[in-house]
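Novice: quick one, fold the following:
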Amino acid sequence: MSEKPNKMSAYWKKNLRTLLILLFVWFIVSFGFGIILVEPLNQFHFGGYPLGFWFAQQGSIYSFVLLIFIYVIRMNFLDREFDVNED
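Specialist: Below you'll find the predicted structure:
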């Protein structure tokens, strides 16, 4: 019976680790690239706009959507690994 709580504890630890990594990436992209590093990034252009401006306006949104898909894929993998999938 003690196997199940240990299994679920490991599942939630991996889940939280995944979540923290993805939130860190989002923070770096939105706050780091869009605010802190905007001046150095503005030396480069993407789609006709300065790169720092692009990250502040569009890049953080695109990154967030991509991170959602990565989270779904990772959670599906974890669900299968720990046999808690909904299939």
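
Novice: going forward, measure contacts and count neighbours with C-alpha atoms only.
Specialist: Will do.

Novice: list the buried residues in the top helix by length along the chain.
Specialist: Using DSSP state H, we find that the single longest helix of the chain is helix 3-27. Going by neighbour count (16 or more other Cα atoms under 10 Å), the buried part of helix 3-27 is Y11, N15, T18, L19, L22, V25, W26.

Novice: which other residues reach it?
Specialist: Here helix 3-27 makes contact (Cα atoms under 8 Å, 6 or more residues apart in numbering) with S60, S63, F64, L67, Y71, R74, M75, L78, F82.

Novice: pLDDT weak spots in this protein?
Specialist: Residues of the chain meeting the criterion pLDDT under 70: 1-3, 87.

Novice: redo that, cut-off 90
Specialist: Counting by pLDDT under 90, the chain contains low-confidence residues at 1-8, 30, 34, 46-47, 54-60, 83-87.

Novice: need the residue closest to the centroid of it.
Specialist: L22 (2.6 Å; Cα atoms, centre = their mean).

Novice: and it, how close does it get to L41?
Specialist: Distance, L22 to L41, by Cα to Cα, to the nearest Å: 22 Å.

Novice: try I35
Specialist: Taking Cα to Cα as the measure, I35 falls 10 Å from L41.

Novice: any idea how many residues pack against V72?
Specialist: Using other Cα atoms under 10 Å, V72 has 11 neighbouring residues.

Novice: please identify which helix or strand holds it.
Specialist: helix 60-81 (DSSP states H and E).
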